[in-house]
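**Q** what follows is a predicted protein model with its sequence.
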Amino acid sequence: MNTADLVTAAVLFGPGIAGTAAYLTTQRGWRTDSAAVRTVLAESAAARAAADNGTPPRGGEPAPDTTAAAEPVRLATVLPFPTTTDRRAA
């Protein structure tokens, strides 16, 4: 190998190697952050479950209406589909 080949290899592969090192370092930190976030979310869910008395917070949505729905209204004319079999494929 001559010097030109080494310079070319350094230019082509150098940024990729440096980027991979940075990416792996970020992934390592991400896992630590995720564990901390999961812990906080679990604590928050436990606190909400302990304080839950069956009603939604801040009023929330009203209970759904369980009465029977009215007959649906047709929005357009429905054309009957032909049921005869005397048609043939082209």
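**A** Received it, and whenever you're ready, just let me know what you need. Only a predicted model underlies this, so the values are computations on that prediction, with no experimental measurement involved.

**Q** which intervals of this structure have sub-threshold pLDDT?
**A** Filtered on pLDDT under 70, the chain yields the residue ranges 52-57, 62-63, 68, 85-90.

**Q** this structure: helices as residue ranges?
**A** With DSSP state H as the criterion, the chain has helices at 3-51.

**Q** from E43, how far off is A50?
**A** Going from A50 to E43 by Cβ to Cβ, to the nearest Å gives 11 Å. (Glycine included, C-beta is placed from N, CA and C.)

**Q** list residues touching both of the two?
**A** Between them, A50 and E43 share no contacting residue under Cβ atoms under 8 Å, 6 or more residues apart in numbering.

**Q** higher neighbour count, these two?
**A** E43 (10 against 7; other Cβ atoms under 10 Å).

**Q** any idea how far that one is from L12?
**A** Per Cβ to Cβ, E43 is found 48 Å from L12.

**Q** ok, I17 - contacts?
**A** With Cβ under 8 Å, 6+ apart, I17 has no contacts at all.

**Q** show me how far stretch 73-88 is from its chain's centre.
**A** 41 Å (Cα atoms, centre = their mean, to the nearest Å).

**Q** how about it: buried residues?
**A** For stretch 73-88, the neighbour count (16 or more other Cβ atoms under 10 Å) marks no residue as buried.

**Q** dump the C-alpha coordinates for it into PDB.
**A** Extracted in PDB, the C-alpha atoms of stretch 73-88 (Å, rounded to 0.1, in the frame of the first residue of the first chain):
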ATOM      1  CA  VAL A  73     -80.700   7.700   8.000                       C
ATOM      2  CA  ARG A  74     -79.800   6.800   4.500                       C
ATOM      3  CA  LEU A  75     -77.600   9.500   3.000                       C
ATOM      4  CA  ALA A  76     -78.000   8.400  -0.700                       C
ATOM      5  CA  THR A  77     -80.100   6.300  -2.900                       C
ATOM      6  CA  VAL A  78     -78.900   2.700  -2.900                       C
ATOM      7  CA  LEU A  79     -79.100   1.000  -6.300                       C
ATOM      8  CA  PRO A  80     -79.900  -2.700  -6.400                       C
ATOM      9  CA  PHE A  81     -77.000  -4.900  -7.400                       C
ATOM     10  CA  PRO A  82     -77.900  -7.100 -10.500                       C
ATOM     11  CA  THR A  83     -78.400 -10.700  -9.400                       C
ATOM     12  CA  THR A  84     -79.000 -12.300 -12.700                       C
ATOM     13  CA  THR A  85     -76.200 -14.600 -14.100                       C
ATOM     14  CA  ASP A  86     -77.000 -14.200 -17.800                       C
ATOM     15  CA  ARG A  87     -74.000 -11.900 -18.300                       C
ATOM     16  CA  ARG A  88     -70.700 -13.300 -19.600                       C
END
